[in-house]
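Asks: model this:
(one chain, ligands or ions: 1)
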Amino acid sequence: MALDIQQLACAHVRELEPYQSARRIGGHGHTFLNANESPRSELYFFNSTTLNRYPDCQPLEVVQGYADYVGLRRDEVLVTRGSDEAIGLIVRTFCEIGEGIVIAPPTYGMYAIAARTNRAQVFEAEREAGFKLSAQCLIDACDKAPFKVKAVFIDSPANPLGEIFPREELLKLLEALPETLIVMDEAYIEFSSAASSVGILREHPNLIVLRTLSKAFALAGIRCGFALAHPDIVALMTKVIDPYPIPDPVAQIARQAVARGGIELMRERVKGANERRETLRGHLKSLPIVEEIFPSEANFLLVRFKDGPAVFGALAQKGIILRSFENRKGLHNCVRISIGSAEELDEVMRTLTALAGGEA
Ligand code: PMP
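Replies: This is a model prediction of the structure:
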């Protein structure tokens, strides 16, 4: 009898729809503005003399460097393989099978996938009109969820909406749900003028802040992220993480990125990206094919076109790959444009202007 490998797999894995990352979707192009990456990489030093050894589980200099950068102690910092790993670790550390998390779509897709992969449940909060997210929406969702909610995931700045979850709302939420983990995913925080919630971490033992080197630090390729939390939370998650999660080359590069020079470079990079975002916003406003540009405090703009699929398709034909949100509830005709280099964004604008019937 032939082996039925599908029957052998876990039922929840058979049903799983994996995350449609920009790389998985692919696309033939030369200008990739679909993954909120930095348009440029930097030079790093690399020493290969210790590659015969297993790396530290938590490379000290990376932990210390990041702790210094955010103003925390080392025992409040966990280094992970991108913040994606931290999302999964939170579910694996805190959710029993059948318990779960609350999310507020449209939001980053990995929260739901990490939960489902680990047999946890997902309940979706309803946002207010105009996608506004309040503490009350999330508190209501926790009340209504037909399972025990262990964590609420909020991205701030949000992906793809671009907006910040206000501090007053976060404080309300933390106080209303003292026995639930509130996870503030700050993957894009360096691009925003809003204060990081790291500043209130010590007063709120149920707060976890997620950060990454993938965006403002221009290091998506090394997969390095951080969970910042009370030492007891960090200790629990350290029990669950793999024994050697951070490869030595990653640690070497991360260490340089979070040293003083690396942070100065990051600040310059962020300033440039924010300027280009506002220039792009100004240009887009003048196009008759644009319906709405969402406010953004991140390295992307979410744009509602009159005909989103036509815009997405026309740019793809020219080799410019954007991210379509056509199939997401409420985001009909919406396309997200990562803030690439000035040349890449000029190319986007030329193509859009031609599409709108103007001079290209
Ligand atoms: N959170 C948000 C809101 C994101 O948009 C992303 C990347 N797209 C991540 C987390 C994951 O980032 P990484 O795993 O590269 O740190």
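
Asks: contacting residues for the most centrally placed residue in the chain?
Replies: Geometric centre of the chain, nearest residue: Ala187, 4.7 Å, by CA atoms, centre = their mean. The contact partners of Ala187, by CB atoms under 8 Å, 6 or more residues apart in numbering, come to 83, 108, 155, 159, 210-212, 214-215. The C-beta positions use only the backbone N, C-alpha and C, and glycine is treated the same way.

Asks: go on, Ser214?
Replies: 37, 82-83, 187, 220, 223-225.

Asks: of those, closest to the ligand?
Replies: Gly82 (2.7 Å; CB to the nearest ligand atom).

Asks: wait, isn't that closest one in contact with Cys224?
Replies: Yes - with contact defined as CB atoms under 8 Å, Gly82 reaches Cys224; the gap is 6.7 Å.

Asks: with neighbour numbers in mind, choose between these two.
Replies: Each of Gly82 and Cys224 has its neighbours counted (other CB atoms under 10 Å); Cys224 has more, 30 against 20.

Asks: how about the strands of the stretch 101-250 of the chain, start to end?
Replies: Using DSSP state E, counting those that start in this stretch, the strands of the stretch 101-250 of the chain run over 121-124, 149-155, 181-185, 207-212, 225-228.

Asks: would a markdown table of these with mean pLDDT be doable?
Replies: Supplementary listing: the strands of the stretch 101-250 of the chain in a markdown table, determined by pLDDT from 0 to 100:
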| stretch | mean pLDDT |
| --- | --- |
| strand 121-124 | 98 |
| strand 149-155 | 98 |
| strand 181-185 | 98 |
| strand 207-212 | 98 |
| strand 225-228 | 98 |
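
Asks: flag every residue of this structure that's near the ligand.
Replies: 36, 82-84, 108, 155, 159, 185, 187, 212, 214, 220, 225 (CB under 6 Å from any ligand atom).

Asks: mind listing the shared neighbours of Gly82 and Cys224?
Replies: With CB under 8 Å, 6+ apart as the test, Gly82 and Cys224 both reach 212, 214.

Asks: can you give me the neighbour number for Leu74?
Replies: Small correction: residue 74 is Arg, not Leu. The tally of other residues near Arg74 (other CB under 10 Å) stands at 14.

Asks: that one contacts Gln64, correct?
Replies: Yes - counting by CB under 8 Å, Arg74 does reach Gln64; the two are 5.8 Å apart.

Asks: quick one: buried residues of the longest helix belonging to the chain?
Replies: The residue-count maximum for a helix in the chain (DSSP state H) belongs to helix 260-285. Of the residues in helix 260-285, 262-263, 266, 269-270, 272-274, 276-277, 280-281, 283-284 count as buried by neighbour count, 16 or more other CB atoms under 10 Å.
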